[in-house]
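>>> generate a structure from the sequence data that follows.
(one chain, ligands or ions: 1)
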Amino acid sequence: MNGAKTAISRANIALVKYWGKAPGNENLTAVPSLSLTLAGLSTRTRVRFDPGLDADRVLIGGVPAEGRPRARVVALLDALRARAGRTERAEVVSVNDFPTASGLASSASGFAALALAASAALGLELAPAELSSYARAASASAARSVFGGYVALLAGAHAAEPVAPPDHLDVAMVIALTTLGPKAIGSTEGMRHTEATSPYYPAWVATAPALFAEARRALLARDLETLGASMEQSTLMMHAAMLASRPALVYLRDATLRVMERVRALRSQGIAAFFTMDAGPHVKVLVERAAVAKVAAELGQVPGVERVLVSEPGLGAELVDDAALEG
Ligand code: DP6
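The predicted structure follows:
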């Protein structure tokens, strides 16, 4: 297709969490985060600018996007159009390879792929940090999916930065998908609610930097035990702040707690496995590679776990040959 560019980007899981915005309207983060980009869970996005279009056309998973999801895509396209000095509208076709209705986040891989495909389709050759900054303005976690492996997004930073390559640790991520409840409150809204109403939010913001520094040091030293301890404390501190909101923001469900218990039990048997939960009920477990099959099998037995996925550490966003995408 004429002038079309296609990019692929993968989900990332925060080992140390981002939850909360810095003051201002730039979508800068209040706390530093540290993530692992995965090899699976990818988004493939094709963008084509067309002078014949009178509005941006956005198809996600074959369905026309509307409302806020569409507005977020158009805002990113507008920013890139302004940068390129162009005005044509775009056709955006995006597909996830995530299991349907899994409830896994797609905004990170989605906006990183969109930033890369759209900038390339406009003829812009942006450095990775610039791409990351555009992706971050759309969704802060997307800044991290621009890079592969272990990635940091510092508090107030415009762009994420790579910390260590995908093969730095001998690990994989085991993802336990639990039964989905009613539609959860999205991250942006959830964090604004926490900021506004949780008496624990200031404590979260005050203590997150030290936890991030500890995790980063442990990662660089390949100290999986310490990294895992700071990882679990980060997610639990974030959920503590959410739980203390009014009305309470409760993302964890019974199956979530059972998986956490099972991970702890596996650890007591000498297996290096550490959990983290985002704004949803699923549990992502960082596991030493030698124990991945055993952990995946065990978590699959936990009541309320619907499905278990295993994902290796993966690469950053990349342009790919324009493949036939089903609109
Ligand atoms: C719990 O990046 O989705 O997954 O910047 O408002 O789009 P916006 O939020 P988003 O938040 C992700 C929150 C998290 C933790 C993390 O990924 O660091």
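>>> and the residue lying closest to residue 128 once chain neighbours are set aside, how many residues sit next to it?
Among residues not flanking residue 128 along the chain, residue 146 sits closest, at 5.7 Å (C-beta to C-beta, 6 or more residues apart in numbering). Quick note: C-beta positions are derived from backbone N, CA and C, even for glycine. As a burial measure, residue 146 scores 33 neighbours (other C-beta atoms under 10 Å).
>>> residue 66 too?
Residue 66 has 9 nearby residues by other C-beta under 10 Å.
>>> picking up where we left off before, what sits against the residue nearest to residue 128?
9, 112, 115-116, 128, 131-132, 135, 160, 316-317 (C-beta atoms under 8 Å, 6 or more residues apart in numbering).
>>> now render these as CSV, adding neighbour count.
Output for the contacts of residue 146, formatted as CSV (neighbours: other C-beta atoms under 10 Å):
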residue, neighbour count
9, 31
112, 36
115, 33
116, 29
128, 16
131, 27
132, 29
135, 31
160, 32
316, 24
317, 29
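>>> distance check, residue 149 against residue 319.
19 Å (C-beta to C-beta, to the nearest Å).
>>> higher neighbour count, those two?
Comparing residue 149 with residue 319 by other C-beta under 10 Å, the one with more neighbours is residue 149, at 20 against 15.
>>> tell me the SS of the closest residue to that one other than its chain neighbours?
Sequence neighbours aside, residue 166 is the residue nearest to residue 149 in space, at 4.1 Å (criterion: C-beta to C-beta, 6+ apart). Three-state call for residue 166 (DSSP: H, G, I helix; E, B strand; the rest coil): coil.
>>> is it true that residue 166 touches residue 172?
No. Between residue 166 and residue 172 there is no contact, the gap being 10.5 Å when judged by C-beta atoms under 8 Å.
>>> looking at the two, which is more packed in?
residue 172 (24 against 18).
>>> mind listing what the more buried one touches?
287, 289, 292, 310-313.
>>> just the ones of those residues in strands?
Among the contacts of residue 172, the subset assigned to strands under DSSP state E consists of 287, 310-311.
>>> let's have those in a markdown table, adding neighbour count and distance to residue 141.
Converted to a markdown table, these look like this (neighbours: other C-beta atoms under 10 Å; distance: C-beta to C-beta, whole Å):
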| residue | neighbour count | distance to residue 141 |
| --- | --- | --- |
| 287 | 26 | 22 |
| 310 | 17 | 21 |
| 311 | 20 | 16 |
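>>> which one of these is nearest residue 244?
Nearest to residue 244 out of the ones in strands among the contacts of residue 172 is residue 287 (C-beta to C-beta; 30.2 Å).
>>> and residue 153, what are its bridge partners?
Beta-bridge partners recorded for residue 153 (DSSP bridges): residue 33.
>>> just for the stretch 151-300 of the chain, where's the confidence low?
Low-confidence segments of the stretch 151-300 of the chain (pLDDT under 70): 181-182.
>>> and it, which residues reach the ligand?
Within the stretch 151-300 of the chain, the positions lying close to the ligand (C-beta under 6 Å from any ligand atom) are 187-188, 278-279.
>>> of those, which is the most crowded?
residue 278 (23 neighbours).
>>> strands - which of the contacts of residue 146 land there?
Filtering the contacts of residue 146 for strands - DSSP E - leaves residue 9.
>>> any chance of the contacts of residue 146 in TSV, plus distance to residue 224?
Formatted as TSV, these follow (distance: C-beta to C-beta, whole Å):
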residue	distance to residue 224
9	26
112	27
115	32
116	31
128	27
131	30
132	26
135	29
160	22
316	23
317	27
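>>> separation between residue 164 and residue 40?
19 Å.
>>> neighbour count: those two, which is higher?
Between residue 164 and residue 40, counted using other C-beta under 10 Å, residue 164 has the larger neighbour count: 19 against 16.
>>> dump the residue contacts of that one.
Residue 164 touches 149-150, 219-220, counting by C-beta under 8 Å, 6+ apart.
>>> what about residue 75, how many residues nearby?
Neighbour number of residue 75 under other C-beta under 10 Å is 12.
>>> before we move on, the earlier item: distance to residue 211 added to the contacts of residue 172, as JSON lines?
Output for the contacts of residue 172, formatted as JSON lines (distance: C-beta to C-beta, whole Å):
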{"residue": "287", "distance to residue 211": "21"}
{"residue": "289", "distance to residue 211": "25"}
{"residue": "292", "distance to residue 211": "26"}
{"residue": "310", "distance to residue 211": "27"}
{"residue": "311", "distance to residue 211": "24"}
{"residue": "312", "distance to residue 211": "26"}
{"residue": "313", "distance to residue 211": "21"}
